[in-house]
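A.B. asks: The sequence and its predicted three-dimensional model are supplied below.
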Amino acid sequence: MPKIEDIEYTPNPNARKFILKEPITNGTSRSYTNASQAVDDDLALSLFSVGNVTSVFYMDRFITVNQDGTAEWDDLLRRLAVPIREAPAVTAVAANSVPTDYVRGENELLDKINDLLDAKIRPGLAGDGGGLEIISLEDKRLTIRYQGACGSCPSSLSGTLYAIEHMLKDEVDPDLEVISV
């Protein structure tokens, strides 16, 4: 049962990040944008059941919850704390940061992209309560999806996407195009 160490604001006013004293995953992430996606995940499903929750993202020692903008954070945080405290520590889950058919070593370009994202992008996004999932790489077109607080943050679709694309162009391949869905 994880204990909540702190609750942080994120750049997204409709998201809060719960910092935990114990890990709830083994280095992998989970991301859901609705309760029907979370049907096999007791923690995420219980957070959606609280009401007003529009997405849940968690990994290691943090959980980010987005709300619909109609709830008062003080009340919602109290209600969200209950299922978080009841969750089991370390949940074995599958990684979802790269396409499910991704096999390291089969696509050199995708390996380079993923390495750069792991080293320079994902840690910063996680610091703000978010993440980044690679949906596909077709030719030189990389399709990504933001997770957690980044999923509905206005800056993720402009400044952050622009910065990611330029970093990938500078350090991996100048012909890459990055699309967010």
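C.D. replies: Looks like it arrived, so ask away. Numbers count the residues shown, from 1 in each chain.

A.B. asks: And the next helix or strand past the least confident helix or strand in the chain by mean pLDDT?
C.D. replies: Among the secondary structure pieces of the chain, namely its helices and strands, helix 122-127 has the lowest mean (mean pLDDT, DSSP states H and E), a mean of 87. Toward the C-terminus, helix 122-127 is succeeded by strand 130-138 as the next helix or strand (DSSP states H and E).

A.B. asks: And that next one, what's buried?
C.D. replies: By neighbour count on 16 or more other C-beta atoms under 10 Å, the buried set for strand 130-138 is 130-134, 137. Using the backbone N, CA and C atoms, a C-beta is placed for each residue, glycine as well.

A.B. asks: which of the residues you listed has the weakest pLDDT?
C.D. replies: Per-residue confidence across the buried residues of strand 130-138 is lowest for residue 130, with 84 (pLDDT).

A.B. asks: three-state assignment of the residue lying closest to that one once chain neighbours are set aside?
C.D. replies: The shortest distance from residue 130 to any non-neighbouring residue, by C-beta to C-beta, 6 or more residues apart in numbering, is to residue 150 (3.0 Å). Judged by DSSP: H, G, I helix; E, B strand; the rest coil, the three-state class of residue 150 is helix.

A.B. asks: residues in contact with residue 150?
C.D. replies: Under the criterion of C-beta atoms under 8 Å, 6 or more residues apart in numbering, the contact list for residue 150 reads 12, 125, 128-132, 156, 160.

A.B. asks: how does it look with 10 Å?
C.D. replies: Contacts for residue 150 (C-beta atoms under 10 Å, 6 or more residues apart in numbering) come out as 10-12, 15, 57, 64, 66, 124-126, 128-132, 156-157, 160, 180.

A.B. asks: ditto for residue 173
C.D. replies: The contact partners of residue 173, by C-beta under 10 Å, 6+ apart, come to 109, 112-113, 140, 142.

A.B. asks: tell me the pLDDT at it?
C.D. replies: pLDDT, residue 173: 95.

A.B. asks: next one: residue 94
C.D. replies: Per-residue confidence (pLDDT) for residue 94: 43.

A.B. asks: Do a quick rundown of the strands in the chain.
C.D. replies: Counting by DSSP state E, the segments of the chain that form strands are 4-9, 15-20, 29-32, 53-59, 62-67, 130-138, 141-148, 177-180.

A.B. asks: list the helices and strands the second one packs on?
C.D. replies: Counting contacts by 3 or more C-beta pairs under 10 Å, 6 or more residues apart in numbering; DSSP states H and E, the secondary-structure elements packed against strand 15-20 are strand 4-9, strand 53-59, strand 62-67, helix 73-86.

A.B. asks: Minimum distance to residue 170: which of the ones you listed has it?
C.D. replies: Across these, the minimum distance to residue 170, taken as C-beta to C-beta, is reached by strand 53-59, at 27.3 Å.

A.B. asks: Mind listing what's buried along that closest one?
C.D. replies: The neighbour-count check on strand 53-59 (16+ other C-beta under 10 Å) flags 53-59 as buried.
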